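J.: Next input, structure requested:
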Amino acid sequence: MDHHAQTSPSETPSKGPGSKGSTSNGSPQDLERPDREVLFDRYARILVGHGAGLRRGQHVYLHTEVAHRDFALRLAETAYDMGAGHVSTWLVDPRQHAQLIRRGRLEQIERAHAREQQWLDEIVTTRGALISLRGDEDPRLMRQVSEDEPERHGIFTRSSQRKGKVFLHHGVNRSLCPWVVAAAVTPAWARQVFPERDTQDAVDRLWDLVFQFTHADHEDAADRAAEKDRRLHARRRQLDALRIRELRVTGGGSDLRVGLSPKARWRGGSKETAFGQTFNANVPSEENFTTPDRRVTEGRLVATMPFRTKAGLLVKELVMHFEAGRLTHFTASEGAASFERWIDSDDGARYLGEFALVGQDSPIAKSGLFFEHTLLDENAWPHVAIGQAYATALEDGEHLSARELAELGCNTSSIHTDIMFGSPEVSVTASTAEGDVPLIERGRWTAAFLDPS
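T.: Here you go, the predicted structure:
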């Protein structure tokens with residue numbers, strides 16, 4: 001089961017886990033490199049300030065695995081220093097989840113996320129700011145559990161999918177709350193990315209990349225983040241001005257057409273809540289994305305990178321075929337059975353909910369690494385997401401009813417899974433009233449979109 005812990009200023013130690021000068025295996029402290037403290041403090045401030053856009057007196061909610069407890073304490077300390085009214089932390093222990101799936105009664109598994117759901121609902125009630133840290137303590141754990149106990153794992157997954165419905169509907173699609181998803185390193189994850197390095201070296205190297213991708217490795221981190229935000233918004237405006245009717249993906253084995261509603265709008269960079277609070281939902285972020293019309297996707301799409309579902313299942317060499325918007329059949333060299341169960345979660349799980357563009361100029365793409373972490377991998381290459389769409393990527397979408405959204409082809413599902421299709425062989429072309437406009441050519445933004453003004 002999950003641990004629901006709340007911290008207050010008096011409970012956050014001045015020296016100890018998560019505070020300045022502390023150490024622990026795989027956690028963000030390294031006394032042999034004095035600049036590490038500065039980097040971690042800077043990263044924490046980026047997540048609280050640039051990411052969540054914290055307002056003085058606002059409640060902060062931290063969602064994290066127990067493996068990140070030290071950094072969560074540092075984040076809480078930073079949030080209080082920046083004026084948070086209260087900090088509440090939800091610690092998830094995947095090993096206890098695995099134990100529940102294997103040993104618990106079915107009714108216990110079905111109720112696995114009941115208290116967590118109440119915690120998420122509270123964020124909407126208080127108009128709080130949610131910060132989610134992502135980085136598995138054991139990336140292979142849930143994959144093994146799903147293989148050993150597929151039915152029980154399926155029950156657990158459906159319970160997990162239900163927990164955030166209120167926050168998704170009101171906090172995200174109605175823009176009532178700021179939220180941010182960010183990476184936090186674990187030894188097991190670092191060894192996956194750098195199997196040739198010893199554990200501590202791998203951990204240090206992966207943290208260095210997280211700092212690089214988020215600008216935490218520069219004193220002028222805020223200015224660099226603002227400049228990236230400017231470029232993403234300028235590109236968003238350019239894409240909106242085209243009034244794109246259809247997007248076509250070609251190359252690398254793909255030939256896919258994705259239709260857009262006339263009310264589709266491009267997003268990227270910072271967002272605003274309904275109350276005018278600016279935040280950045282993903283740190284880092286390199287993408288511009290929109291919401292497709294779920295009814296008019298046609299053709300074949302080849303995934304160019306492996307990916308994980310939110311249930312922790314790894315899928316490799318996926319090739320998908322769409323007809324009248326629906327994913328009708330697919331092949332995969334690994335994870336096919338798990339993916340089949342995943343896309344059968346509900347009807348909307350077989351339709352597109354997002355189409356996103358990222359150029360090869362992305363620093364994450366330039367690293368040449370597969371991170372096996374959706375937040376990073378989706379910001380390396382263009383991607384689609386099957387499942388839930390974002391109403392915020394439709395004109396006035398925050399204020400449309402469920403019926404009005406459905407009439408625009410806005411997909412509804414309990415899942416949202418990003419699948420990367422970009423590579424140096426893949427191009428994306430926009431169909432407009434004035435003709436075709438190349439957006440991405442062989443993995444790179446075309447000149448008009450590379451450095452928009």
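J.: Run through the chain and note the low-pLDDT ranges.
T.: Low-confidence segments of the chain, defined by pLDDT under 70: 1-34, 453.
J.: Report the next helix or strand after the helix of greatest length in it in sequence order.
T.: The longest helix of the chain (DSSP state H) is helix 221-242. Next helix or strand after helix 221-242 toward the C-terminus (DSSP states H and E): strand 246-251.
J.: Dump the C-alpha coordinates for stretch 434-449 into PDB.
T.: The C-alpha trace of stretch 434-449 is given here as PDB (Å, rounded to 0.1, in the frame of the first residue of the first chain):
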ATOM      1  CA  GLU A 434      -3.100  26.600 -49.400                       C
ATOM      2  CA  GLY A 435      -1.400  23.300 -50.000                       C
ATOM      3  CA  ASP A 436       1.200  21.100 -48.300                       C
ATOM      4  CA  VAL A 437       3.700  22.500 -45.900                       C
ATOM      5  CA  PRO A 438       6.700  20.400 -44.700                       C
ATOM      6  CA  LEU A 439       7.200  20.600 -41.000                       C
ATOM      7  CA  ILE A 440       9.700  17.900 -40.200                       C
ATOM      8  CA  GLU A 441      12.100  16.700 -43.000                       C
ATOM      9  CA  ARG A 442      14.100  13.600 -42.200                       C
ATOM     10  CA  GLY A 443      13.900  14.200 -38.500                       C
ATOM     11  CA  ARG A 444      14.600  18.000 -38.500                       C
ATOM     12  CA  TRP A 445      12.400  21.000 -38.300                       C
ATOM     13  CA  THR A 446      12.300  22.800 -41.700                       C
ATOM     14  CA  ALA A 447      14.000  26.200 -41.700                       C
ATOM     15  CA  ALA A 448      10.800  28.200 -41.100                       C
ATOM     16  CA  PHE A 449      10.200  26.400 -37.800                       C
END
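J.: List the buried residues in that stretch.
T.: 437, 439-441, 443, 445, 449 (16 or more other CB atoms under 10 Å). For every residue, glycine as well, the C-beta is placed using N, CA and C.
J.: Name the nearest residue to residue 180, sequence neighbours excluded.
T.: residue 51 (3.4 Å; CB to CB, 6 or more residues apart in numbering).
J.: And for residue 207?
T.: residue 185 (5.1 Å).
J.: go on, residue 376?
T.: Nearest one to residue 376, counting by CB to CB, 6+ apart, is residue 364 at 5.6 Å.
J.: Quick one: residues contacting that neighbour.
T.: 213, 284, 286, 371, 376-377, 379-380 (CB atoms under 8 Å, 6 or more residues apart in numbering).
J.: where's residue 49 relative to residue 406, distance?
T.: 37 Å (CB to CB, to the nearest Å).
J.: Mind checking which of the two has more residues around it?
T.: Neighbours per residue, other CB atoms under 10 Å: of residue 49 and residue 406, the larger number sits with residue 49, 18 against 13.
J.: which SS class is the more buried one?
T.: Put simply, residue 49 is helix when judged by DSSP: H, G, I helix; E, B strand; the rest coil.
J.: Count the residues that sit near the closest residue to it other than its chain neighbours.
T.: The spatial neighbour of residue 49 that comes closest, neighbours along the chain excluded (CB to CB, 6+ apart), is residue 82 at 6.4 Å. Counted with other CB under 10 Å, the neighbours of residue 82 add up to 17.
J.: isn't residue 82 right up against residue 44?
T.: No. With contact defined as CB atoms under 8 Å, residue 82 does not reach residue 44; the gap is 9.4 Å.
J.: since we're on the residue nearest to residue 180, how many residues are nearby?
T.: Residue 51 - counted by other CB under 10 Å - has 29 other residues nearby.
J.: and the nearest residue to residue 351 once chain neighbours are set aside, how far is that from residue 103?
T.: Setting aside the residues directly before and after it, residue 351 is nearest to residue 294 in space (CB to CB, 6+ apart), at 4.0 Å. Using CB to CB, residue 294 is found at 39 Å from residue 103.
J.: Between the two, which is the more surrounded one?
T.: residue 294 (26 against 11).
J.: Backbone dihedrals for the residue nearest to residue 207, please?
T.: Torsion angles at residue 185 (phi, psi; degrees, to the nearest 10) stand at phi -80, psi 140.
J.: I'd like to know how many residues surround it.
T.: Number of residues near residue 185 (other CB under 10 Å) recorded here: 26.
J.: before we move on, what about residue 208?
T.: By other CB under 10 Å, 15 other residues sit near residue 208.
J.: Could you do residue 275 as well?
T.: Neighbours of residue 275 under the rule other CB under 10 Å: 11.
J.: Excluding residues flanking it in the chain, which one is nearest it?
T.: Per CB to CB, 6+ apart, closest to residue 275 is residue 127, 7.1 Å.
J.: Buried residues, stretch 49-56. List them.
T.: 49-55.
J.: what distance separates it from the centre of its chain?
T.: Here stretch 49-56 is found 18 Å from its chain centre; the criterion is CA atoms, centre = their mean, to the nearest Å.
J.: end to end, how far does that stretch reach?
T.: 11 Å (CA to CA, to the nearest Å).
J.: coming back round to it: of the contacts of residue 364, which pair is most distant in space?
T.: Greatest spatial distance among the contacts of residue 364 (CB to CB): 286 and 371, at 13.2 Å.
J.: quick one, phi/psi of the residue most central in space within the chain?
T.: Nearest to the geometric centre of the chain sits residue 375, at 4.5 Å (CA atoms, centre = their mean). Main-chain dihedrals, residue 375, degrees, to the nearest 10: phi -50, psi -40.
J.: can you tell me which residues contact it?
T.: Applying CB under 8 Å, 6+ apart, the residues contacting residue 375 are 134, 181-183, 282, 284.
J.: And residue 334, by the same measure?
T.: 306, 314-317.
J.: from the contacts of residue 375, which ones fall inside strands?
T.: Counting by DSSP state E, these place 134, 181-183, 282 in strands.
J.: Which single one of those residues is nearest to residue 118?
T.: residue 181 (21.0 Å).
J.: ok, and the closest non-adjacent residue to that closest one?
T.: Leaving aside its sequence neighbours, residue 181 sits nearest to residue 132 (CB to CB, 6+ apart; 4.8 Å).
J.: Show me what the one helix or strand the one you found maps to is packed against.
T.: Using DSSP H and E, residue 132 sits in strand 129-134. In this structure, strand 129-134 makes packing contacts with strand 59-65, helix 69-81, strand 179-183, judged by 3 or more CB pairs under 8 Å, 6 or more residues apart in numbering; DSSP states H and E.
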